[in-house]
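need a structure here:
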Amino acid sequence: MMRATAFLLNILFAVVLAGPPACAAGSVSAQAKEPVPLLPILRVQADMPGIVPPQAAPDLPDDMETDEPPVFEDTPLDPGEVPLPDDTPQADIPDAGKGDARTAKPAAPPDLDTLFSMLKSEDSQQARATTAHRIQMRWIRSGSATVDLLMARSAAAMEAKKPELALDLLDAVVRFRPEFAAGWNRRAAANFMAGHLGKAVVDIERTLALEPRHWGALAGLAAIQKATDDETAALATYERILEIYPHEEKAEKAVEELRKSTGGVEL
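Presented below is the predicted three-dimensional model:
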């Protein structure tokens, strides 16, 4: 069974690395790849040397996220994410004492809407960070082992400053799971790294069409808006992030700076 799985994955990656097949008109991949002349690319070259054309893959801006949530050792997992160990104390098991503790059904984890409500109501930065982490963990669940593997390979390619390889892998991700917002957001980041800013904006728009509350995609959009000197639009985008994720530190700092530079009111 393992040999068969490995064989199939090798075939998959051979197809991916050979390049995506021509898509029918109107398909998701074909639409996502259409160049969109939304941004003044030459101005980006002046503001961010080396991006257009990409002599070497640039680092992503600090506020452009790629759906890789930070790891907090004390962040509680949603019930059911990992099995309870055999030596879990009775007091730590939901409904302990009501039947066999090891077969006790854990409480259902909160849905995304509930988590976003919690994100707005938390009264400390640590609590907000914990809730944000739980949301990000939901976002990166594709429901497909193949897509998860492609996402992991794309992350490794981006870490190695190989955005074109990452794009080959992510083309397959969005083809297999067009409803997977994290795939589009990761491809936006890879397009940015490769210097394809118009395509990055298109992928961000697709991410937000699937998940309008995706603050990572909004941060990527704001980074591009800042890079193209559209500070008014960047300010509005960062303010939108703060409506979703109150007191997000990078967005708060950006809003404060942009309000000063655009003549607005300081936070």
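
confirm that Asp203 sits in a helix.
Yes - counting by DSSP: H, G, I helix; E, B strand; the rest coil, Asp203 is found in a helix.

state the distance from it to Asp148.
Note on Asp203: its distance to Asp148, by C-beta to C-beta, to the nearest Å, is 19 Å. Bear in mind the C-beta positions are built from the backbone N, C-alpha and C, glycine included.

which one of the two is surrounded by more residues?
Between Asp203 and Asp148, counting by other C-beta atoms under 10 Å, Asp203 is the more crowded of the two (27 against 15).

list the residues that contact that one.
Ala32, Trp184, Asn185, Arg187, Ala188, Asn191 (C-beta atoms under 8 Å, 6 or more residues apart in numbering).

what's the local residue count around the last one?
Each residue near Asn191 was counted by other C-beta under 10 Å, and the total is 25.

kindly report the same for the fifth one.
The local packing count at Ala188 equals 30, with neighbours defined by other C-beta under 10 Å.

is it true that it touches Ala219?
No - between Ala188 and Ala219 there is no contact under C-beta atoms under 8 Å: 10.8 Å.

which regions of the stretch 151-267 of the chain sit below the pLDDT cut-off?
264-267 (pLDDT under 70).

how about the strands in it?
Under the criterion DSSP state E, counting those that start in this stretch, the stretch 151-267 of the chain carries no strands.

now do the helices in it.
163-176, 181-194, 197-210, 215-227, 231-244, 249-261 (DSSP state H, counting those that start in this stretch).

which of the residues in stretch 156-169 are buried?
With burial defined by 16 or more other C-beta atoms under 10 Å, the residues of stretch 156-169 counted as buried are Ala157, Met158, Lys162, Pro163, Leu165, Ala166, Leu167, Asp168, Leu169.

how about the CA coordinates for stretch 230-238, as PDB?
Output in PDB follows, covering the C-alpha atoms of stretch 230-238 (Å, rounded to 0.1, in the frame of the first residue of the first chain):
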ATOM      1  CA  ASP A 230      -1.300  53.900  -2.600                       C
ATOM      2  CA  GLU A 231      -1.300  54.800   1.100                       C
ATOM      3  CA  THR A 232      -4.900  55.800   1.300                       C
ATOM      4  CA  ALA A 233      -6.000  52.300   0.100                       C
ATOM      5  CA  ALA A 234      -3.400  50.700   2.400                       C
ATOM      6  CA  LEU A 235      -4.800  52.600   5.400                       C
ATOM      7  CA  ALA A 236      -8.400  51.400   4.600                       C
ATOM      8  CA  THR A 237      -7.100  47.800   4.300                       C
ATOM      9  CA  TYR A 238      -5.300  47.900   7.600                       C
END
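
which of the residues in that stretch are buried?
In stretch 230-238, counting by 16+ other C-beta under 10 Å, buried: Asp230, Glu231, Ala233, Ala234, Leu235, Thr237, Tyr238.

same question, stretch 234-252
Counting neighbours by 16+ other C-beta under 10 Å, stretch 234-252 gives 234-235, 237-242, 244-245, 248, 250-252 as buried.

what is the nearest of those residues to His133?
Closest approach to His133 among the buried residues of stretch 234-252 (C-beta to C-beta): Tyr245, at 11.7 Å.

ok, the closest one touching Met118?
No - the pair formed by Tyr245 and Met118 falls short of the contact definition of C-beta under 8 Å, at 11.3 Å.

go through the buried residues of stretch 234-252 and say which is closest to Arg259.
The nearest one, if we look at those relative to Arg259 and count by C-beta to C-beta, is Leu235, at 6.6 Å.

wait, what's in contact with the closest one?
With C-beta under 8 Å, 6+ apart, Leu235 has these contacts: Val255, Leu258, Arg259, Thr262, Gly264.

please apply the same query to Thr232.
Counting by C-beta under 8 Å, 6+ apart, Thr232 has contacts Thr262.

any idea how far it is from Thr262?
Taking C-beta to C-beta, one finds Thr232 at 6 Å from Thr262.

also Ile140?
Ile140 is 34 Å from Thr262, by C-beta to C-beta.

more neighbours: those two, which one.
Comparing Ile140 with Thr262 by other C-beta under 10 Å, the one with more neighbours is Ile140, at 18 against 11.
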